[in-house]
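Asker: Make a model of this:
(4 chains, ligands or ions: 2)
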Amino acid sequence: MNVERIRQDFPILAQLVNGKPLVYLDNAATTQKPRQVIDAIRRYYEEYNANVHRSIHTLGERATAAYEEARAKVAAFIDAPEPATCIFVRNASEGLNLVAYSYGMQVLRPGDEILLSPLEHHSNLVPWQLVARRTGARLRFMPMHPDGTLDLERLPRVLTERTRIVAVAHASNTLGAILPVKAITEAAHAVGAVVVVDGAQSVPHMPVSVRELDVDFLAFSGHKMMGPMGIGVLYGKRELLERMDPFLGGGEMIRSVTYEESTWNDLPWKFEAGTPNVEGAVGLAAAIDYINEVVGGVANIQRHEHDLVQYAMRRLREAFPEIRIYGPEENRAGILAFTFGDLHPHDVATVLDSEGVAIRAGHHCTMPLHREVLQVVATNRASFYVYNTREDVDRLVEALGKVKEFFSHVA
Amino acid sequence: MNVERIRQDFPILAQLVNGKPLVYLDNAATTQKPRQVIDAIRRYYEEYNANVHRSIHTLGERATAAYEEARAKVAAFIDAPEPATCIFVRNASEGLNLVAYSYGMQVLRPGDEILLSPLEHHSNLVPWQLVARRTGARLRFMPMHPDGTLDLERLPRVLTERTRIVAVAHASNTLGAILPVKAITEAAHAVGAVVVVDGAQSVPHMPVSVRELDVDFLAFSGHKMMGPMGIGVLYGKRELLERMDPFLGGGEMIRSVTYEESTWNDLPWKFEAGTPNVEGAVGLAAAIDYINEVVGGVANIQRHEHDLVQYAMRRLREAFPEIRIYGPEENRAGILAFTFGDLHPHDVATVLDSEGVAIRAGHHCTMPLHREVLQVVATNRASFYVYNTREDVDRLVEALGKVKEFFSHVA
Amino acid sequence: MSLEHDPRYAVNLNELYKQVLMDHFARPRNKGRLDEADFTVHLENPTCGDTIEVQLKVRDGRVEDVRWQGHGCSISMASASMTTQAIKGKTLAEAAQFLSRCRAMIKGEPGDYKELGELQALSGVAKFPVRVKCATLAWNAVEEGLKRVQP
Amino acid sequence: MSLEHDPRYAVNLNELYKQVLMDHFARPRNKGRLDEADFTVHLENPTCGDTIEVQLKVRDGRVEDVRWQGHGCSISMASASMTTQAIKGKTLAEAAQFLSRCRAMIKGEPGDYKELGELQALSGVAKFPVRVKCATLAWNAVEEGLKRVQP
Ligand SMILES: Cc1ncc(COP(=O)(O)O)c(C=O)c1O
Ligand SMILES: Cc1ncc(COP(=O)(O)O)c(C=O)c1O
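Answerer: Ligands and ions are numbered 1, 2, ... in the order given. Got it, this is the predicted structure:
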């Protein structure tokens, strides 16, 4: 994998921001797109844009073929047993809500329990709060060590035969911690619970096999893996998806409609109401091709990020005794949340931005984790992807030096 | 408005299909995109792609500004009182489902009635069937004349104080009929019902003012008005949106989250969970600019389509006595559904395609209308947009001649 | 690749609407109802609302008789006519095997499909994903019927 | 327009973090709690989880006293300090009018904002939509309080 060559594919990275070359370290929020993806979108609209599935004309046949080929690529990427188990949604959030509405509303009864980890993104927490309120089910939380790793020994205390659903992130978007999904799945299946995995921060960054992990549902977003915005995927086991009620009603998801009632289409279309985002699917397929063909596979991304995050932790600690880094030391994704002395993350991020360095500041949609576990309101977060380099880390360190200097003068 | 110049902006239209210049007449399904929209998407990804609302860095500020400017453009386009009443969704279908889930589930009680027209697209029928089943409410249907115009005299028989929700298309995607939304809204409000309008076939084709029509909700899709796929809009009156429960839970739609419960963000973000389709919003804004600046306003589209559909009806009837055209003679959108003797629409569409003419064949997601009112299983549908010409109509007539010839020989 | 240069999507009417196919469309075989059917399957094509009903009479593990009726395009009607003709007299296992070969053909899998006889006329449909649903409607109905015989 | 050529998004730190603003951040005025508040408003910035509490004491239609406390970035804390300083002693109508002028300024509406005094230091925030929420957090809290006085 040649990072310098890869960077050539990303026009956005070649910009000056505030007069400095852009260092983009907000990849956990969204990733940049290589020209291969941008070109695939352009080609789609210039050559074969059409509505799918129902159009008996050449553009329609070609758009339909491209849409379903994209699904097959997605299925291969996460090792799903068949394309029909991969449903196109807008993003990971919609995928998780789909499970909460269609599966959760159907199976949960008063007194049932939904088990979450305490580091869930709001998108894998709020939908379960909503469904719990409507069904009378109850949320429980897994015991964790303070660094964000799971306390497997105490798991049986909260994972019981009352647990119907276990919902966990595969990788934390704040701590970078990678959760032991396989162990969780085994324990959950032993008590008859179904496992919903939020793969927003894992699928783009490391090899994920739904078969090997034996997860029941997995959701992720295309925009976090160099695909376009507005496209995401929900994988589900066929027998679960077939038993579930549909989610959104409308065109394409039906088999037959009368004024009084309807019957549902086969998988995956049963869950895809209305005109799908064909452009998004085509762009996501181009992103998967990019990962497989140019990057040489997602394992290369994982190795590269591991190197960057270890380098960054070392450099930051050497340079700044006042820095505090959250999350585990090892077995972590390329995500680095930190606080910088007493400085508020908003102020840190603004000064970094003036140096061309883009990071994120805030609660990163994990408010309860911040308040209850980290005991800070907000953190800074630098997050890496395939096109970042050690020089980017050096620029971050240098820019943090400027932050320190700036606030020591004015405040 | 100069159609020949407009056509230059659509690279896809300059293609040969099956050796013949493409005639694209499937615009009710989805429209083609001018290079201005394709370029706006490319520029977004090459220059300022970022996640919105929470990013304190230059890319993020610019993406956030573009996203909210797009919302303001959408609001102006439908004459909404304020941008915050326009929620970005995937498409019209999702917008209608949002109302059914969030408003319908909240207000409907057993015995309440939902009143629909008999020509609704599945996307404005199936969600109400689902919500009726869950709440014990009941669907009723408006009386219509056989040509698809509403029988306003008999409306009071079905619009009563038991009616809580009235859901109607502004323009029928099969018959082309334009419904008298203003009269419906007045009558509905008089009995205390709320009016949900499916604007999928009106907003792209004629001036629509939500204030003048006094509708409570209006949903439409960007891809049917030269915008990208994966973006649509739900307009709602502020007081209704504020009272409603949220729909999807996740990032951005919250104000505050604890492990136990959450409070909701202000409008419109309360209804936008997860990373929105910023690219889609930027592309839709470019499409609105195109309509306003290059086309000279949506009223020009309406005039142009009226001319084309009247010309097409005349030419087709002159050429083919065996043609049967559905829908009203006047006051119709640029949509023309027809049957051609005994020939099945699939066979008609395939032969037309071999002549480079793209139409749609099937039930157009209005199965019950076809079966119960039109009494045919499927129809052919030609539908126009701003870039179509009278020559396109001539090509359709000519190609239908080939259809007749082909099937007279082989069958 | 622009459509003009993509042979995958060229429509050749004579390849799609082969003579034998149009003949079955014009003069459908086995159309109608059985007096005493063992199994009746009713299916629907969600794309266009077309419907088909297939009836099977099974004796000693063999398809002794089969009839169909329905509304649809030339391809779906011709497919029903040819398919019912082909499986009549076959054992249940032979019929199932025959249909799985038909599916391989319509998926565009390379191979020799001579044993499918007239059904080879549907090979041209493989290029048209939307029309594939027309061709397979009758197959789905027959397969559903075979499954009910031997669940 | 590429970012390099779009002056709208250039960050000038000294324009954003004006001296007077940093002074309020370093030495916040009116910070603390009132013994006897008439109205207490608690608000939260959903972007970052920052919080603010504003207390008002109203006598004869005037803001007799005001205090605030909270956690946040330099801009939100300085805004709270400057805003409470500015409205102390104003009538309710004057205070409401003052805040609506502040909002006009931060929306980037052109005009002369001399009457806003120190609050003009926040004008540089207008260019940063996400930071606008920091500047307005205290305003939202004060306005909410004023509304409760005169509903
Ligand atoms: C009248 C009508 N309503 C709703 C829809 C659904 O639109 P979408 O598929 O973009 O959600 C359509 C188009 O398919 C339509 O024509
Ligand atoms: C762990 C995790 N889950 C879920 C999400 C939600 O993803 P999206 O906003 O694309 O729906 C994110 C990203 O924001 C995330 O990091």
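Asker: C-alpha coordinates for stretch C:47-57, CSV please?
Answerer: What follows is stretch C:47-57, C-alpha atoms only, in CSV (Å, rounded to 0.1, in the frame of the first residue of the first chain):
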residue,chain,number,x,y,z
THR,C,47,-43.5,-5.5,-10.9
CYS,C,48,-46.6,-5.4,-13.1
GLY,C,49,-49.4,-7.1,-11.2
ASP,C,50,-49.4,-10.0,-13.6
THR,C,51,-50.8,-13.2,-12.2
ILE,C,52,-50.6,-16.9,-12.8
GLU,C,53,-52.3,-20.0,-11.5
VAL,C,54,-50.7,-23.4,-12.0
GLN,C,55,-52.4,-26.7,-11.2
LEU,C,56,-50.7,-30.0,-10.8
LYS,C,57,-52.0,-33.6,-10.8
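Asker: Tell me the residues of the stretch 1-150 of chain A that contact ligand 2?
Answerer: Within the stretch 1-150 of chain A, the positions near ligand 2 by Cβ under 6 Å from any ligand atom are A:28, A:91-93, A:121, A:123-124. The way it works is simple: take the backbone N, C-alpha and C, and place the C-beta from them, glycine included.
Asker: Turn those residues into TSV, including pLDDT, neighbour count and secondary structure.
Answerer: TSV is the format used below for those (pLDDT from 0 to 100; neighbours: other Cβ atoms under 10 Å in any protein chain shown; DSSP: H, G, I helix; E, B strand; the rest coil):
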residue	pLDDT	neighbour count	secondary structure
A:Ala28	98	29	coil
A:Asn91	98	31	coil
A:Ala92	98	31	helix
A:Ser93	98	32	helix
A:His121	98	24	coil
A:Ser123	98	31	helix
A:Asn124	98	31	helix
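Asker: how much space between C:Phe148 and ligand 1?
Answerer: That one is not Phe; residue C:148 is Arg. 36 Å (Cβ to the nearest ligand atom, to the nearest Å).
Asker: mind listing what that residue touches?
Answerer: C:39, C:41 (Cβ atoms under 8 Å, 6 or more residues apart in numbering or on different chains).
Asker: Secondary structure element holding it?
Answerer: According to DSSP states H and E, C:Arg148 maps onto helix C:129-149.
Asker: what comes up buried for that helix?
Answerer: By neighbour count on 16 or more other Cβ atoms under 10 Å in any protein chain shown, the buried set for helix C:129-149 is C:129-143, C:145-146.
Asker: Quick one: residues in contact with stretch A:56-65.
Answerer: Taking Cβ under 8 Å, 6+ apart as the rule, stretch A:56-65 contacts A:44, A:48-55, A:278, B:12, B:17-18, B:22, B:24, B:26, B:29, B:346, B:349-350, B:352-353, B:357-362, C:3, C:6, C:8-9, C:11, C:127-131.
Asker: can you map out the strands along the stretch 1-150 of chain A?
Answerer: For the stretch 1-150 of chain A, the strands defined by DSSP state E, counting those that start in this stretch occupy A:16-17, A:20-21, A:23-24, A:86-89, A:113-116, A:138-141.
Asker: Roughly how far does the residue nearest to the spatial centre of chain A sit from B:Arg238?
Answerer: Centroid-nearest residue in chain A: A:Ala200, 1.3 Å away (criterion: Cα atoms, centre = their mean). With distances taken as Cβ to Cβ, to the nearest Å, A:Ala200 is found 32 Å from B:Arg238.
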